[in-house]
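Student: need the 3D shape of this:
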Amino acid sequence: MIFTVDVGNTNIVLGAFAGDELVFTSRVATEAFKMEDQYAIEFSDIIKLYGYTPEDFEGAIISTVVPPLTTILKSAVKKLLKCKVIVVGPGIKTGLNIKIDNPAILGSDLVCAAVGAMQKYKPPMIIFDLGTATTISAIDKSGAFLGGSILPGVKVSLQALSNSTAQLPHINTELEGDTVIGANTIDSMKSGIVLGTAAMMDGMIDRYKEVLGEDATVLATGGLAQSVACHCRRELVIAPDLISDGLYVIYKKNAE
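Tutor: Take a look at the predicted model:
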């Protein structure tokens, strides 16, 4: 089995692949102050929760957008699983043709999502990743990564709104129904943040397709994809495991 670790700013997404099948996925909080033994114990408990043992794993791969945790998590996984651990970064084979100005600075999460998407869907593609930040990636019909957009994520926007105003509370992002015109403060905030984000996605899909010059497969991934993307009016596929899928593919390319 292969253990995958996707480190985001808010959550760490763990995955386990047996053959080509993702047999479980789990999330833990990203906490920069934790030591490697603490992460190793936490990962061990999750592996056992799903009925597996550390001895079941022959390899592991990590993608992180939190550089201070790279060494800690690599050491934690090696200590727990006692196997080869790959970290996605410069020099790692991905098979992705990256056409941005400086390919070395492209976030490993965007690389993994694109690689995962290329395994299951036909380009051209537009990929939304709704996490701490919301990112949009464009892949042309040849499979080349062209670049994208970055904007504040749903929860970051909500936090900034609540922290910067005296009368707006902290709320969750679950919207019941499609209440566009809120009759109270909370419904109004949910309408603005959830439906507003969905409308942004619809509009950016149109703009990206104009630039690509043709129709494209649209994918939504990330922790908030299910909550927001279901309100979009443009056709898209909610693919929550894109980064884990990409990590597994990249591991196989580099395992030798």
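Student: show me the helices in this structure, by range?
Tutor: With DSSP state H, the ranges of helices along the chain come out as 36-49, 70-81, 108-120, 154-164, 185-190, 196-212, 225-229, 242-254.
Student: please name whichever of these is nearest to Phe17.
Tutor: Among the helices of the chain, helix 242-254 comes nearest to Phe17, with 4.8 Å by Cβ to Cβ. Every residue, glycine included, has its C-beta placed from N, CA and C.
Student: the inter-axis angle of that closest one versus helix 108-120?
Tutor: An angle of 80 degrees separates the directions of helix 242-254 and helix 108-120 when computed by axes from the mean of the first three to the mean of the last three Cα atoms, to 10 degrees.
Student: just the buried residues of helix 242-254, please?
Tutor: 242-251, 254 (16 or more other Cβ atoms under 10 Å).
Student: what's the burial count for Glu210?
Tutor: Using other Cβ atoms under 10 Å, Glu210 is surrounded by 9 other residues.
Student: how much space between it and Ile126?
Tutor: With distances taken as Cβ to Cβ, to the nearest Å, Glu210 is found 11 Å from Ile126.
Student: show me where pLDDT drops low in the chain?
Tutor: Residues of the chain meeting the criterion pLDDT under 70: 175-177.
Student: which residues touch the residue most central in space within it?
Tutor: With distances taken as Cα atoms, centre = their mean, the chain has Gly222 as the residue nearest its mean C-alpha position (4.1 Å). Residues touching Gly222, when contacts are defined by Cβ atoms under 8 Å, 6 or more residues apart in numbering, comprise 128-131, 134, 240.
Student: take those and keep only those in strands.
Tutor: The strands in this structure, assigned by DSSP state E, contain 128-130, 134 from the contacts of Gly222.
Student: quick check, nearest of the residues you listed to Gln119?
Tutor: For the ones in strands among the contacts of Gly222, the residue nearest Gln119 by Cβ to Cβ is Asp129; the value is 16.4 Å.
Student: list the contacts for the closest one?
Tutor: Per Cβ under 8 Å, 6+ apart, neighbours of Asp129: 109-110, 113, 135-137, 220-222, 225, 242-243.
Student: let's see 7 Å
Tutor: By Cβ atoms under 7 Å, 6 or more residues apart in numbering, Asp129 lies in contact with 109, 113, 135, 221-222.
Student: same check, this time on Ser63
Tutor: Ser63 makes contacts with 6-7, 88, 108-109, 112, 243, 247, as judged by Cβ under 7 Å, 6+ apart.
Student: one more time with 6 Å, if that's ok
Tutor: Residues touching Ser63, when contacts are defined by Cβ atoms under 6 Å, 6 or more residues apart in numbering, comprise 6, 88, 108-109, 112, 247.
Student: likewise Ala60?
Tutor: 3, 77, 81, 85.
Student: mind doing that once more with 10 Å?
Tutor: 1-5, 16, 43, 73-74, 77-78, 80-81, 83-87, 247, 251 (Cβ atoms under 10 Å, 6 or more residues apart in numbering).
Student: and if you look at Leu212?
Tutor: Residues near Leu212 by Cβ under 10 Å, 6+ apart: 123-126, 138-141, 146.
Student: what's the distance between the closest residue to Ser191 other than its chain neighbours and Ser188?
Tutor: Excluding its sequence neighbours, the residue lying closest to Ser191 (Cβ to Cβ, 6 or more residues apart in numbering) is Gly182, at 4.8 Å. Noted for Gly182: a distance of 3 Å to Ser188, by Cβ to Cβ.
Student: contacts only, for Val66.
Tutor: Neighbour list for Val66: 7-10, 12, 30-32, 72-73 [criterion: Cβ under 10 Å, 6+ apart].
Student: now, the most widely separated pair of the residues you listed?
Tutor: In terms of Cβ to Cβ, the contacts of Val66 reach their longest pairwise distance at Thr10 and Ile72, which sit 17.0 Å apart.
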